[in-house]
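*Asks:* Structure of the sequence below:
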Amino acid sequence: MNELKSLIRTIPDFPRKGILFRDITPLIENPEAFKYVIEIFAKNIPLGINKLVAIESRGFIFGGALALKNHMGFIPVRKSGKLPGETTKITYDLEYGTDTLEIHKDVIRKGDRVVLIDDLLATGGTALASCRLIEKCGGRVKKILFLIELDELKGCEKLKGYDVFSLLHF
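*Replies:* Modelled structure (predicted):
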């Protein structure tokens, strides 16, 4: 894991002062490392999963590859106003304000067993909102996958009750 961790570039003061941005570009640029990550994620998908949902935007990178590897459709959760069809929405609190996420209304059905994926778990707000959005549509979130978890922000505490796997911890 240290080798993978070394492929995560830390950029100080981005997008604003005091933030240490974890840049995944060197990891996804390396085909062997990227493939290895997808293989690990694939091993963490429970049996009986029939939907893979990814959070905008870096979650799409891993979600698309993982969906293809596991012969599943890829379902995006996007920020408000980005999806063209009829959507289901959820608004949630951020540190300073609110945000809204959407999913197409016809992609999750009652009883669907879902894996949710994103690149990074920070405070957990976006992931929790995505879970609630999936559940609002009738799906059941059976696993949440993250490449990186920022441990000091305790986002996993917000996701109690969900099966969470984070590959790398910072």
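
*Asks:* For the residue sitting nearest the centre point of the chain, which residues count as its bridge partners?
*Replies:* Nearest to the geometric centre of the chain sits residue 118, at 1.8 Å (Cα atoms, centre = their mean). Counting by DSSP bridges, residue 118 is bridged to residue 146.

*Asks:* And it, how far from residue 142?
*Replies:* Relative to residue 142, residue 118 is positioned 15 Å away (Cβ to Cβ, to the nearest Å). Bear in mind the C-beta positions are built from the backbone N, C-alpha and C, glycine included.

*Asks:* Now do the buried residues in stretch 162-170.
*Replies:* 162, 164, 165, 166, 167, 168 (16 or more other Cβ atoms under 10 Å).

*Asks:* any idea which of those is closest to residue 16?
*Replies:* Of all the buried residues of stretch 162-170, residue 16 sits closest to residue 168, with 23.1 Å by Cβ to Cβ.

*Asks:* Secondary structure of the closest one: a helix, I assume?
*Replies:* No. Under DSSP: H, G, I helix; E, B strand; the rest coil, residue 168 falls outside any helix and is assigned strand.

*Asks:* State the distance from it to residue 94.
*Replies:* 24 Å.

*Asks:* Test my guess that residue 34 contacts residue 65.
*Replies:* Yes. Look at residue 34 against residue 65 with Cβ atoms under 8 Å: they come within range, at 7.4 Å.

*Asks:* out of those two, which sits in the more crowded spot?
*Replies:* Remark: of residue 34 and residue 65, residue 65 carries more neighbours, 20 against 17, as counted by other Cβ atoms under 10 Å.

*Asks:* Please name the nearest non-neighbouring residue to that one.
*Replies:* residue 38 (4.9 Å; Cβ to Cβ, 6 or more residues apart in numbering).

*Asks:* Would you enumerate the residues in contact with the one you found?
*Replies:* 62, 65, 66, 69 (Cβ atoms under 8 Å, 6 or more residues apart in numbering).

*Asks:* Show me what counts as buried in whichever strand or helix holds the second one.
*Replies:* The one in question is residue 65. Element membership for residue 65, per DSSP states H and E: helix 58-69. For helix 58-69, burial by neighbour count (16+ other Cβ under 10 Å) applies to 58, 59, 60, 61, 62, 63, 64, 65, 66, 67.
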